[in-house]
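Asker: Next comes the sequence, and after it the predicted model I'd like to discuss.
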Amino acid sequence: MKIKLIAFLAIGSSLLALNTCHSSDDSKNENANTTNLPSVIITKPQIRNLPNAITIAGQAIANQEVKLFAMGNGYVKMWKYDIGDMVKKGQTLAVLGNPELMEEQVKAKAELDGDAAIYNRLESVYSKTPELVPLEQVDEAKAKYESAVAGLNVVDSEINYLTIRAPFDGIITNRYVDTGAIVQNGLDRPYTEPLFKIQDILTIRVNVSVPEINSPYVTKGTPVSITFVDLPNTVFNASVSRIAYGLSEDTKTMLIQIDLPNRDHVIHPGMFANVNFTTSATDSVLSVPNQAVGSYEQQTFIYKVIPVDSASGNLNWENGVKCMVKKVNVQLGVQNATYSQIKYGGLKAGDNVVISGNAQCADGSMVIAKVVKNL
């Protein structure tokens with residue numbers, strides 16, 4: 001009996017040692033699996049009053065801008081204005097020469113004078129003694145005279161096109177040709193060189209591309225404040241002047257423009273601007289920090305985490321909790337520099353959303369989630 005009892009105790013001790021060893025290995029494996037998981041920082045969506053102030057980059061452009069081409073062939077006889085000169089609408093900027101047209105004008109005038117003399121003589125004779133001149137002959141002379149008038153008008157118009165005039169009040173920002181340069185008609189030759197570039201900068205337009213998500217909150221007359229990168233100490237207060245309403249197919253943004261007076265020419269076309277739109281505040285909306293929001297192929301989403309041990313009521317979020325990631329598609333509302341409104345989506349105030357480490361998340365993946373305070 002003693003031998004059997006000793007053998008039983010020895011077997012029991014071996015089994016106990018084996019079980020203890022397996023338990024220790026399982027614990028080590030579990031800790032190893034947890035240690036290898038990526039860590040993310042989370043927070044909870046909150047109900048906030050979002051001041052709807054939007055800051056978007058913009059760019060200054062001229063109120064009007066045009067490159068002036070010749071409307072006839074010729075050479076540059078003279079130019080009157082150069083880069084930086086202010087000009088008025090209708091002022092002569094340059095004059096072209098075309099000897100061939102001048103010869104055509106002389107010939108057309110001579111033909112007109114001859115046809116006019118014949119017509120006037122026949123018409124005078126016919127009015128005094130109709131029986132001496134057939135009416136058909138008078139009509140034929142009249143038609144020939146009127147044709148000569150039209151021919152001279154055509155040549156005069158072509159010569160008039162040799163004078164290049166300013167189409168509006170503005171400033172010359174480029175001169176492309178010098179005296180004696182040969183220029184060609186720009187009406188039917190798209191690759192010909194222009195003569196001048198002129199801009200109207202007494203008024204500056206600021207172009208801003210408003211994202212689709214903010215477009216419903218920007219209307220004509222919305223107040224704005226504008227600062228330019230190159231004019232850091234100056235703030236321009238204005239309002240939205242015009243809205244395109246349609247969204248760009250490529251960027252899903254809406255073009256708006258703001259007009260700024262620029263009589264002292266301190267704003268130059270091409271300057272980059274920061275445009276702050278002041279719209280009405282949005283009260284009591286579910287919102288998350290902007291870091292939580294992701295986007296792919298025009299679908300906005302948020303990663304939320306669900307504890308694996310969801311039955312436990314004592315989760316230590318500060319030290320980290322093992323969680324499964326779930327990707328939630330959402331639709332955003334108002335956005336400002338810090339927070340985004342969640343308009344639609346499977347998200348509520350008690351959820352835990354990822355705000356740091358999003359790149360390590362995927363739908364269904366495991367992570368260690370830690371809470372962040374004071375956000």
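Answerer: All right, it came through fine. Residues are numbered from 1 along each chain as shown.

Asker: In terms of helices and strands, where is the residue most central in space within the chain?
Answerer: Compute the mean C-alpha point of the chain, and by C-alpha atoms, centre = their mean the closest residue is Ser209, 4.1 Å away. Secondary structure from DSSP states H and E places Ser209 in strand 196-211.

Asker: helices or strands next to whatever helix or strand Ala150 lives in in the packing?
Answerer: Element membership of Ala150, judged by DSSP H and E, is helix 135-160. Applying 3 or more C-beta pairs under 8 Å, 6 or more residues apart in numbering; DSSP states H and E, we find helix 135-160 packed against helix 99-128. Backbone N, C-alpha and C define where each C-beta goes, glycine included.

Asker: And the helix it packs on, how far out from the chain middle?
Answerer: 60 Å (C-alpha atoms, centre = their mean, to the nearest Å).

Asker: Can you name the next helix or strand after the helix or strand of the chain with the lowest mean pLDDT?
Answerer: Least confident helix or strand of the chain, by mean pLDDT, DSSP states H and E, is helix 2-35 with a mean of 47. Per DSSP H and E, the first helix or strand lying C-terminal to helix 2-35 is strand 39-43.

Asker: next helix or strand past that following strand?
Answerer: Beyond strand 39-43 toward the C-terminal end (DSSP H and E), the next one is strand 46-50.

Asker: For the helix or strand following that next one, which residues meet the burial criterion?
Answerer: Sequence-wise, the next helix or strand downstream of strand 46-50 (DSSP H and E) is strand 53-68. For strand 53-68, a neighbour-count test (16 or more other C-beta atoms under 10 Å) marks Ile54, Ile56, Gly58, Gln59, Ala60, Ile61, Ala62, Asn63, Gln64, Val66, Leu68 as buried.

Asker: Just put these in TSV and tack on pLDDT and distance to Pro134.
Answerer: Shown next, in TSV, are these (pLDDT from 0 to 100; distance: C-beta to C-beta, whole Å):
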residue	pLDDT	distance to Pro134
Ile54	81	84
Ile56	91	80
Gly58	96	76
Gln59	97	73
Ala60	97	72
Ile61	97	67
Ala62	97	64
Asn63	96	63
Gln64	96	59
Val66	96	55
Leu68	94	53
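
Asker: closest to Val285 among those residues?
Answerer: Set against Val285, the nearest of these by C-beta to C-beta is Ile54 (15.4 Å).

Asker: Not counting sequence-adjacent ones, nearest residue to the closest one?
Answerer: In space, and not counting its chain neighbours, Ile54 is closest to Phe277: 4.5 Å by C-beta to C-beta, 6 or more residues apart in numbering.

Asker: Was I right to think the one you found contacts Val224?
Answerer: Yes: using C-beta atoms under 8 Å, Phe277 is in contact with Val224, at 5.4 Å.

Asker: more neighbours, the two?
Answerer: Using other C-beta atoms under 10 Å as the criterion, Phe277 and Val224 rank with Val224 on top: 26 against 23.

Asker: what's near enough to touch that one?
Answerer: Going by C-beta atoms under 8 Å, 6 or more residues apart in numbering, Val224 touches Asn237, Ala238, Ser239, Val240, Ile258, Val275, Asn276, Phe277, Thr278.

Asker: Quick one: buried ones out of those?
Answerer: Buried among these by 16+ other C-beta under 10 Å: Val240, Ile258, Val275, Phe277.

Asker: between those, which is nearest Pro190?
Answerer: Ile258 (32.9 Å).

Asker: quick one, what contacts Thr300?
Answerer: Contacts of Thr300 by C-beta under 8 Å, 6+ apart are Val293, Gly294, Asn329, Val330, Gln331, Leu332.

Asker: any idea how far the fifth one is from Leu112?
Answerer: Per C-beta to C-beta, to the nearest Å, Gln331 is found 75 Å from Leu112.

Asker: Who has more neighbours out of those two?
Answerer: When Gln331 and Leu112 are compared for neighbours, Leu112 comes out ahead with 20 against 12, by other C-beta under 10 Å.
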